[in-house]
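S.K.: Below are the sequence and a predicted model for it; my questions follow.
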Amino acid sequence: MSFDFYKRAAIVCRAIPYGKAATYGQIALLCGRPKNARQVGYALNRNRLGDAIPAHRVVNARGILSGAAAFETADMQKILLENEGVKVRFTPDGWQVDLKKDGWHNTMEDALRFLEIFQAQDI
DNA sequence: TGCTTGACCACTC
DNA sequence: CGAGTGGCCAAGC
């Protein structure tokens, strides 16, 4: 049995529904490593997960857009989210989405389903 | 090997 | 509540 955090993270990120936002910690949890939130950010920053990753749907635990330089322009992430119908508002800390409304709310079944997929693919 | 860094997070006053 | 603090863990030098 092996464990490839990046492959797992790529699968989870691609599963974030259109029009929803997920948090770094949430992705780490679904990957089976609850404490690896920082690594999720690291992976996205270096584009380590491959192509076709909806990185704009990933925000921090408070719903703040990291706005990191992986996007071509500073407000690219905000624009992509708004195009999907997600409301983004300005706060002193930065652009923020309402996780209560537009957050990706997982069930325990979701988590278990991902773990099955990882086990089946030995990643 | 050891030390620094980072698109993070939870807890405590 | 808000700021401060400490924990976390892989990468890269």
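M.R.: In hand now; what should we look at?
S.K.: rest of the way, CA atoms for contacts and neighbours
M.R.: Fine.
S.K.: Who are the contact partners of residue A:86?
M.R.: A:19, A:20, A:97, A:102 (C-alpha atoms under 8 Å, 6 or more residues apart in numbering).
S.K.: Who wins on neighbours among these?
M.R.: Most neighbours among these, by other C-alpha atoms under 10 Å: residue A:97, with 25 neighbours.
S.K.: Residue A:104 versus that one, what's the distance?
M.R.: 12 Å (C-alpha to C-alpha, to the nearest Å).
S.K.: Could you name every residue contacting both of those two?
M.R.: residue A:21.
S.K.: Give the rounded mean pLDDT of stretch A:99-114.
M.R.: Mean pLDDT, stretch A:99-114: 95.
S.K.: what's the span of it from first residue to last?
M.R.: With C-alpha to C-alpha as the measure, stretch A:99-114 spans 22 Å from end to end.
S.K.: what do you get for stretch A:90-98?
M.R.: Termini of stretch A:90-98 sit 11 Å apart (C-alpha to C-alpha).
S.K.: Stretch A:48-56 too?
M.R.: End-to-end distance (C-alpha to C-alpha), stretch A:48-56: 15 Å.
S.K.: does DNA strand B sit close to it?
M.R.: Yes. If you take C-alpha under 7 Å from any atom of the strand as the test, stretch A:48-56 does meet DNA strand B, through A:55, A:56.
S.K.: Right, I'll leave it there.
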